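A.B. asks: Let me see the structure of the following:
(one chain, ligands or ions: 2)
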Amino acid sequence: MNTHDKAPTKGILEVITGCMFSGKTESLIKRAEELGTTAYQAFKPRIDDRYSRTEIVSHNGGKIVCTPVDRAAEIGHRIKPETRLILIDEVQFLDEEIIEILNHWVLKEYHIVVSGLDLDWQGLGFGPMPQILAQADRVDKKFANCAICQSPASRTQRLVANSDDILVGGQEQYEPRCLKHHNPHSVKLAAKRVSQGGGSQGVADHVV
Ligand code: TMP
Ligand code: MG
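C.D. replies: Ligands and ions are numbered 1, 2, ... in the order given. Predicted coordinates for the structure are as follows:
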């Protein structure tokens, strides 16, 4: 029997990923409940203050208390010896150091569950996510419904004329789309028009 064909059961990195509105945060909270340990610590990047500064909150209202961090290194410094489970939401916003930190704590046999966007509004790998996905022991990829055709959505359409990588927001700024209906090009055009003084900063979906 090949004893190496099973995923590790302790010292494990699980990743919950997918586009916006696919239920990632809800799944993170559910996973924490399933694992049933009270010895957990939860973190999220401080940048995401949409619903709460000190709680991880899903679009459907579920929540767990967490520590907001500015940099990945802070997570490493804050892990307590009695902790068994580490949860991180919105991991796409953290700096590249998170990759080494995840390896370090998996080696120390911690169970880690992170959630984050795999792709940004352009459909490109978001921050450290491509590497985190590659080194994960288990990946749970979520889908939403395309806002145009209702088929499974793997992309996030930005609806405003802004081409920054990071733009924190919800339904006013984004909607889920399938690959066929995802259109980053029109966002780029709208953002260019705004920067040239030829358009408003408003919703760009009429051009999408
Ligand atoms: P969510 O996946 O939990 O809904 O949140 C994703 C966050 O990421 C939300 O605040 C919007 C933000 N975001 C960006 O900053 N840039 C992007 O390209 C996309 C798609 C989302
Ligand atoms: Mg979320």
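A.B. asks: residue boundaries of the helices in the protein?
C.D. replies: Counting by DSSP state H, the chain has helices at residues 24-35, 72-78, 97-107, 129-135, 184-195.
A.B. asks: Pull out the buried residues from stretch 161-172.
C.D. replies: Judged by neighbour count (16 or more other CB atoms under 10 Å), stretch 161-172 contains these buried residues: A161, N162, S163. Heads up, the C-betas are built off the backbone N, CA and C, glycines and all.
A.B. asks: just how off-centre is that stretch within its chain?
C.D. replies: Relative to its chain's centre, stretch 161-172 lies at 14 Å (CA atoms, centre = their mean, to the nearest Å).
A.B. asks: what's the answer for stretch 99-108, then?
C.D. replies: Using CA atoms, centre = their mean, the offset of stretch 99-108 from its chain centre is 19 Å.
A.B. asks: in it, what counts as buried?
C.D. replies: Quick answer for stretch 99-108 (16+ other CB under 10 Å): I99, I101, L102, W105, V106.
A.B. asks: Just the terminal-to-terminal distance for stretch 108-123.
C.D. replies: 34 Å (CA to CA, to the nearest Å).
A.B. asks: average model confidence for that stretch?
C.D. replies: Summarised as a single mean, pLDDT over stretch 108-123 is 97.
A.B. asks: That stretch close to ligand 1?
C.D. replies: Yes - interface with ligand 1: stretch 108-123 contributes L117, D120, W121 (CB under 6 Å from any ligand atom).
A.B. asks: Which one (most neighbours) among those residues?
C.D. replies: Neighbour tally across the residues of stretch 108-123 next to ligand 1 (other CB atoms under 10 Å): the maximum, 26 neighbours, falls on W121.
A.B. asks: Who is the nearest residue to that one once chain neighbours are set aside paired with across the strands?
C.D. replies: If you skip the residues right next to it in sequence, W121 has R158 as its closest partner in space, 3.9 Å away by CB to CB, 6 or more residues apart in numbering. Taking DSSP bridges as the rule, R158 bridges to Y174.
A.B. asks: how far away is R158 from S186?
C.D. replies: 10 Å (CB to CB, to the nearest Å).
A.B. asks: what about these two, which has more around it?
C.D. replies: R158 (28 against 16).
A.B. asks: show me the contacts for that one.
C.D. replies: W121, L167, Q173, Y174, P184, V187, A204 (CB atoms under 8 Å, 6 or more residues apart in numbering).
A.B. asks: please redo it, this time with the cut-off set to 6 Å
C.D. replies: W121, Y174, V187 (CB atoms under 6 Å, 6 or more residues apart in numbering).
A.B. asks: Among those, which one lies nearest to I132?
C.D. replies: W121 (19.1 Å; CB to CB).
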